[in-house]
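Trainee: need a 3D model of the sequence below.
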Amino acid sequence: MDKNNFLNVLQKEVATLNSAFSTPNGDWIIKGFIDIAKNIYTISADTKVISKIMELLLFPELAHFAEKHGLKMVLSEQQNSYPDISFVDDDGHRFALDLKSTYRVDSSRVNGMTLGAFTGYFRERNSTKNITFPYGSYSGHFVLGVIYSKTDDLIDERRRYTLDELERITSVIRDFQFFAQEKYRIASDRPGSGNTKNIGSVTEIDKLVNGSGPFASLGEDVFDDYWMYYLTKDMARAAELKRPPYTNLRSYLKYKGLAK
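Mentor: You can find the predicted model right below:
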């Protein structure tokens, strides 16, 4: 299986996920946590909590996907390792899949997501530190993304519910949109957040779903080169440079003599 075949079957699988995650009216099927006395506790719209529950919901679906296509599914052994899941076919081809979720800020944009480090294993392609298999050994790097809306209704986290009240509990998120794309196609030219050395994503929903970010037309080689040599201001100072050689795609293309 090559990476195009993998993406094709993955996108077909992703197109079926909405019904497994939402009720007929679009609400999340998850209402809260339950204890042994059958009390239900609501959850907040904390993005880290939602992201983790999403992962737990996706794992069985992706295990079925792997079985259907004769792939071995290898989960990340460490919380911060890349990728979340590695798929391996009978010929030893490896496909990296990260699971990402983000919320809508309006009808056309999301808050954004991080797409993994641009230092460490990303630059040292034979390294096994913080990665399941060496980065360079994968045939492709993919993202399964989940876009959702936060519920406007107030959630009373002080309240405890019974099973009989399950239908009355407000879901904290709703209106899901799933997509799968190669990582480079949805990457932006800026870091993902704060001081972390992570690649950021584009925030336009259509570009995420269609894989039409700024590197899509330039190719994965340009994406790799851009982020392997990208320097933050701190990294530039540590390298005894006055400033980073480039800070965005426009200045990168000019720096490389590729600007039209």
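Trainee: count of residues packed around the residue nearest to Tyr255 when sequence neighbours are not counted?
Mentor: In space, and not counting its chain neighbours, Tyr255 is closest to Tyr246: 4.6 Å by C-beta to C-beta, 6 or more residues apart in numbering. For glycine as for every other residue, the C-beta is placed from the backbone atoms N, C-alpha and C. Tyr246 has 18 neighbouring residues, counting by other C-beta atoms under 10 Å.
Trainee: can you show me the helices along the stretch 51-200 of the chain?
Mentor: 183-186 (DSSP state H, counting those that start in this stretch).
Trainee: now do the contacts for Arg123.
Mentor: Applying C-beta atoms under 8 Å, 6 or more residues apart in numbering, we find Arg123 in contact with Met228.
Trainee: look up how far Leu97 lies from it.
Mentor: 21 Å (C-beta to C-beta, to the nearest Å).
Trainee: cool, Asn8 as well?
Mentor: From Asn8 over to Leu97 (counting by C-beta to C-beta), the distance is 14 Å.
Trainee: likewise for Phe179?
Mentor: 13 Å.
Trainee: ditto for Asp156
Mentor: Asp156 is 36 Å from Leu97, by C-beta to C-beta.
Trainee: out of these two, which sits in the more crowded spot?
Mentor: Leu97 (23 against 11).
Trainee: bridging residues for the more buried one?
Mentor: Leu97 has these beta-bridge partners by DSSP bridges: Ile85, Phe142.
Trainee: what's the pLDDT at it?
Mentor: For Leu97, the model assigns a pLDDT of 97.
Trainee: mind listing the shared neighbours of Phe179 and Leu97?
Mentor: Common neighbours of Phe179 and Leu97 (C-beta under 8 Å, 6+ apart) are Leu144.
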